[in-house]
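K.L.:
Model the structure of this input:
(chains A and B)
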Amino acid sequence: MTHELRVGLLGAGLIAGVHAHAYRASPGVRLVAVADPVATKAERLADQFAAASAADLDALLALDVDIVDVCTPPDRHADAVVTALDAGRHVFCEKPLARTLADGRRVVAAADAAPGVLMVGHVSRFEPDHRTARELTAAGDIGQVRMVTHTTTSSMPGWSESGWLADPARSGGPILDQGVHSFDFARWVIGSPAVRVTCVAPAAAPYALSTVRYADGSIAHIEVSWAHPAERGFKLACEIVGTEGRLTWSYDHLMGGVLHSGTGTEWFDVLGDRGFTAELQAFTDAVRAGGPSPVPAADALESLRTALGALESMRTGTTVDLTTWDVP
Amino acid sequence: VSTPEPVGVAILGAAHTTHAWSYARALSSSDGVRLVGVHDVDEENARWIRQDFGVPYFPDPAALAGRPDVTAAVVCSETIAHRPMVELAAAHGLQVLCEKPLATTLADARACVAACADAGVQLHLAFVSRFLPLVSRMRTAVRDGRLGDLVGLVGGNRGRPPVPPAYPGWITDATAAGGGALVDHSVHVTDAMRHVSGLEVTAVSAECGSLLWGCMVDDLALLSLRFDGGAVGSIDPSWSVPEGNPWDYDFYLRLLGTGGSLEISDTAASLQVVSTRGNHRGLRLASFAEDADAAMLAGFLASVRAGGLLDPCATGADGVRALEVALAAYESAATGHVVSLGPGPAPGVSAS
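P.N.:
Numbering: from 1, shown residues only, chains lettered A, B, ... in the order given. Have a look, this model is predicted:
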């Protein structure tokens, strides 16, 4: 181990807490400070992990952090990531890469020019279920992948500060915030660029169905919802069909245990925080090795563009040709 | 951060080929460990460990155990040959991790414990189920009193028959292995039950037989247990999994207490795959569970560095007790009587 890696967290919301916890599993990595516009949130998270609270990104950089972990709302990613990269730091950026294509491209350009490693938080690639599916398909176990159906459904998440998540102008709604995981995973498993996307969504609810076509002919279907009953919880299901087989899983089956007692029912989820731990371990390993990025910005830009294309399709009621589409 | 001296490990016996290979893989991918050599009376048993991990073969176990750069030993010889390897390791002052079951007889098992105690070295048993995260969560829930007082414990560890050519012949030889499915798998479940509950088995009855595959040892078995405090239990350790089944091995525990119930199963951490490639037709489960073998080896190495056996590693005494239950079960199956056991060691208390 060469030297301790000092991490500064920008943002003190839900995912920042998950990251702070996951860094503890990596030897030689120390969370030094947390910054958030809401000072009490920064202080609370910092206290929990024996870190300092800081006012903003400049204050984090002044603390000589090696790594800036950007966990702001997506419309605040680009400026922070570019500033931290330009300051010579390594950067972890939560997904989606940005809220707009222009911002995303700005980040990619900055990453290309900067010495630091930039990794984008497409955590599905590190979740044991998704990762195993990718390993099996890459090994040819089900032949050539031809179709991916990926569905993530829940009620409206209530954790975002001032409700930014519920504002599509800031979050992109479930198609971007949740769906970008699915678009990224499908592209990763299929191994061919997306060429076309169609998205249909009702006006009455945050719910959307997207269909993506890929250059090699494969198809992906992505269902996202923030409109399901809260008591149903968060559900994920995936089905991958290949020329020589089929692979499926669902959160309904990933419960390794169930405890019924006087205090109610508790399910033992077999995934836990394994995905986030593996993701941040891969990041700090890459930082120590001097790269390459385990999830480079260029990959994340492609996934962002597919999600934004789906939003465009939803808005216009047309199919978006991703080989030519650009933001006006 | 200073880098500690690597722990030099010798594999003394690799006759349990699949487990020895898995432990060698875990050791060769761990930091701070050097796999110094592998010994087995049959060089063929060490072949894949040599080939896949570049570990040198030693025809003479004493020459390997006596090397100055070896401080720990992993014993995976035939069960009947655990004792001489454990005694050899202890004589050279090596810390020992022994494959389960500890021995084929209680006399041999106790001799292993005594040899390590006399030499002042640790003796760990390869009760890998303790290192399943679900078992750890279950133990915490029980200890926190969330189930109240336990009244029922049901567990199983079923598997494919370990018959040649995929497995060496000694595993289905009663003399070399100490029995069949009953002793092979029940020790895992017995130990896990003792580990999560803190209860001791007081009486055993069992039925078993060679009923499925025509091997010379039992392939089906069922144990009924009584625990101190009045709880009852059962164990299915059978080699009852046919070819084409979606999974090859399982491990489950179902607890009932006066305040609640808790059930765990390791097959949940898996994807469902149907492939028209290869030999396996139909549904199969592709596991993504954590590597419990690697966690167990990490626990062993951490204990070696710490100079004392760390939780949740299993002791030689735990190995003796699990064997005692299995041998009592064989006695019960042969005689048709319930067999009472004397008081066991307090769970978690090291024999050394």
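
K.L.:
Pull the residues that contact stretch A:194-201.
P.N.:
A:175, A:183, A:187, A:207-215, A:220, A:302, A:306, A:309-311, A:313-314, A:319-323 (CB atoms under 8 Å, 6 or more residues apart in numbering or on different chains). (Each C-beta comes from the backbone N, C-alpha and C, glycine too.)

K.L.:
scratch that, stretch B:288-300 is what I was asking about
P.N.:
With CB under 8 Å, 6+ apart as the criterion, stretch B:288-300 contacts A:128-129, A:131-132, A:270, A:274, B:19, B:22-23, B:25-27, B:29-30, B:72, B:74, B:95, B:97, B:124, B:126-133, B:266, B:269-271, B:310, B:312-313.

K.L.:
Which residue lies closest in space to whichever residue of the stretch 151-300 of chain A sits closest to chain B, excluding its sequence neighbours?
P.N.:
The nearest approach of the stretch 151-300 of chain A to chain B comes at A:Ser261, 3.1 Å away (CB to the nearest CB). Of all residues not flanking A:Ser261 in the chain, B:Gly260 sits nearest, at 3.1 Å (CB to CB, 6 or more residues apart in numbering or on different chains).

K.L.:
show me the contacts for the one you found.
P.N.:
By CB under 8 Å, 6+ apart, the residues touching B:Gly260 are A:259-262, B:146-148.

K.L.:
I'd like the distance between it and B:Leu199.
P.N.:
In this view, B:Gly260 and B:Leu199 are 17 Å apart by CB to CB, to the nearest Å.

K.L.:
one step back: mind checking which of the contacts of stretch A:194-201 are in strands?
P.N.:
In strands, defined here by DSSP state E, the members of those are A:207-214, A:220, A:320-321.

K.L.:
quick one: secondary structure of the closest residue to A:Leu14 other than its chain neighbours?
P.N.:
With CB to CB, 6+ apart as the criterion, A:Leu14 has its nearest non-adjacent residue at 4.4 Å, and that residue is A:Trp159. Here A:Trp159 is coil, with the state taken from DSSP: H, G, I helix; E, B strand; the rest coil.

K.L.:
Against B:Ser234, how distant is A:Trp159?
P.N.:
Counting by CB to CB, the gap from A:Trp159 to B:Ser234 is 45 Å.

K.L.:
Quick check: pLDDT value at whatever residue of chain B ends up closest to chain A.
P.N.:
Closest to chain A within chain B is B:Gly260: 3.1 Å, counting by CB to the nearest CB. For B:Gly260, the model assigns a pLDDT of 94.

K.L.:
Could you check how far it is from B:Arg146?
P.N.:
6 Å.

K.L.:
Over to A:Phe183?
P.N.:
Taking CB to CB, one finds A:Phe183 at 41 Å from B:Arg146.

K.L.:
Show me where the chain dips below the pLDDT cut-off.
P.N.:
Unless you meant another one, I'm taking chain A. The model of chain A has pLDDT under 70 over residues A:1-2, A:328.

K.L.:
meant chain B, my bad for not saying
P.N.:
Answering for chain B: the residues below the bar, that is pLDDT under 70, span B:1-4, B:345-352.

K.L.:
hmm, 50 instead?
P.N.:
Along chain B, the parts satisfying pLDDT under 50 run over B:1, B:347-352.

K.L.:
follow-up on the earlier one: for the residue nearest to A:Leu14, give me phi and psi.
P.N.:
Note on A:Trp159: its backbone torsions stand at phi -90, psi -10 [degrees, to the nearest 10].

K.L.:
Could you list the buried residues of the helix ranked longest in chain B?
P.N.:
Criterion DSSP state H: the longest helix present in chain B is helix B:316-335. Applying a neighbour-count criterion of 16 or more other CB atoms under 10 Å in any protein chain shown, the buried positions in helix B:316-335 are B:316-330, B:332-333.

K.L.:
now A:Arg125: how far from chain B?
P.N.:
Taking CB to the nearest CB, to the nearest Å as the measure, A:Arg125 falls 14 Å from chain B.

K.L.:
isn't that residue right up against A:Asp184?
P.N.:
Yes. When contacts are counted by CB atoms under 8 Å, A:Arg125 is listed as touching A:Asp184 (7.4 Å).

K.L.:
ok, and the closest non-adjacent residue to residue 178?
P.N.:
You didn't pick a chain, so chain A it is. Closest to A:Gln178 by CB to CB, 6+ apart is A:Val224, at 4.7 Å.

K.L.:
Oops, wrong one, chain B.
P.N.:
Per CB to CB, 6+ apart, closest to B:Gly178 is B:Thr104, 3.2 Å.

K.L.:
what does A:Leu118 give?
P.N.:
A:Ala111 is the one closest to A:Leu118 (CB to CB, 6+ apart), at 4.2 Å.

K.L.:
Can you tell me how far that neighbour is from A:Pro296?
P.N.:
Taken as CB to CB, the span from A:Ala111 to A:Pro296 is 7 Å.

K.L.:
the more surrounded of these two?
P.N.:
A:Ala111 (24 against 17; other CB atoms under 10 Å in any protein chain shown).

K.L.:
Mind giving me the packing neighbours of the strand or helix carrying the more buried one?
P.N.:
Per DSSP states H and E: A:Ala111 is located in helix A:101-113. Applying 3 or more CB pairs under 8 Å, 6 or more residues apart in numbering or on different chains; DSSP states H and E, we find helix A:101-113 packed against helix A:77-86, helix A:297-316.

K.L.:
Quick check: next helix or strand after that helix?
P.N.:
In N-to-C order, the element after helix A:101-113 by DSSP H and E is strand A:118-121.

K.L.:
Restrict that next one to CA atoms and write it as CSV.
P.N.:
Provided in CSV are the C-alpha atoms of strand A:118-121 (Å, rounded to 0.1, in the frame of the first residue of the first chain):
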residue,chain,number,x,y,z
LEU,A,118,-12.8,9.6,-13.4
MET,A,119,-15.2,6.8,-12.7
VAL,A,120,-19.0,7.0,-13.1
GLY,A,121,-21.3,5.2,-10.6
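
K.L.:
If you count contacts, what does it end up packed against?
P.N.:
Checking 3+ CB pairs under 8 Å, 6+ apart, strand A:118-121 ends up next to strand A:90-94, helix A:274-289, helix A:297-316.

K.L.:
Near chain A, which residues of the stretch 201-350 of chain B? Just list them.
P.N.:
Contacts of the stretch 201-350 of chain B with chain A, taken as CB under 8 Å from any CB of the partner chain, map to B:259-266, B:268-277, B:286, B:288-290.

K.L.:
same thing but 7 Å
P.N.:
Within reach of chain A by CB under 7 Å from any CB of the partner chain, the stretch 201-350 of chain B has these residues: B:259-266, B:268-269, B:271-277, B:286, B:288.

K.L.:
coming back round to it: what about the residue nearest to A:Leu14, neighbour count?
P.N.:
For A:Trp159, using other CB under 10 Å, the count is 10.

K.L.:
List the contacts of B:Val201.
P.N.:
B:190, B:225, B:227, B:325, B:341 (CB atoms under 7 Å, 6 or more residues apart in numbering or on different chains).

K.L.:
Please convert those to CSV, extending it with distance to A:Gly290.
P.N.:
Converted to CSV, the contacts of B:Val201 look like this (distance: CB to CB, whole Å):
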residue, distance to A:Gly290
B:Thr190, 50
B:Leu225, 57
B:Phe227, 57
B:Val325, 54
B:Leu341, 60
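
K.L.:
Out of the residues you listed, which sit inside helices?
P.N.:
Using DSSP H, those in helices are B:190, B:325.

K.L.:
Spell out which parts of chain A neighbour chain B.
P.N.:
A:1, A:28, A:128-129, A:132-133, A:136, A:141-143, A:244-249, A:253-262, A:268, A:270.

K.L.:
Between the two ends of stretch B:282-296, how far is it?
P.N.:
Counting by CA to CA, to the nearest Å, you get 33 Å between the two ends of stretch B:282-296.
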